[in-house]
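> no sequence for this one, just the structure:
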């Protein structure tokens, strides 16, 4: 049993499972911050600029009997872009882009 436990801890240390877990936790926190930034700051400003009275979520157009809700798509794209930028510059900041496993 002791050998299996030692093997498990060796796996965690070598494979970077702890770093992966920390990354998931930080990713979740960053996601919440970005979602709040987009819904509370960017969404109202874009809504006003585009003429949707502060709520971009309701932005839509109609083709025949179909209603296309394009505002939700724009919000999701903004979320994705900000999170991708945070991850990209975060990795560049700590220098992981050049890290290779030997």
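Ah, there it is. Only a predicted model underlies this, so the values are computations on that prediction, with no experimental measurement involved.
> so for the longest helix belonging to the chain, mean pLDDT?
Using DSSP state H to define each element, the chain has its longest helix at helix 70-94. For helix 70-94, the mean per-residue pLDDT is 81.
> repeat for stretch 24-31
Stretch 24-31 comes out at a mean pLDDT of 79.
> going forward, the N-terminal residue is numbered 509.
Happy to do that; since the first residue is 509 now, the last one works out to stretch 532-539.
> count of residues packed around the closest residue to residue 547 other than its chain neighbours?
Spatial nearest neighbour of residue 547, excluding adjacent residues (C-beta to C-beta, 6 or more residues apart in numbering): residue 583 at 7.4 Å. Quick note: C-beta positions are derived from backbone N, CA and C, even for glycine. Neighbour count for residue 583, taken as other C-beta atoms under 10 Å: 19.
> the one 3 residues further on too?
Counted with other C-beta under 10 Å, the neighbours of residue 586 add up to 18.
> same check, this time on residue 555
For residue 555, the number of neighbouring residues by other C-beta under 10 Å comes to 18.
> ok, it to residue 572 distance?
Note on residue 555: its distance to residue 572, by C-beta to C-beta, to the nearest Å, is 26 Å.
> over to residue 581?
Distance of residue 581 to residue 572, given as C-beta to C-beta: 19 Å.
> give me the more crowded residue out of these two.
Neighbour count, other C-beta under 10 Å: between residue 581 and residue 572, residue 581 has more, with 11 against 5.
> all helices of the chain, in order?
510-523, 525-545, 551-558, 578-602.
> since that was my last question, I'll sign off now.
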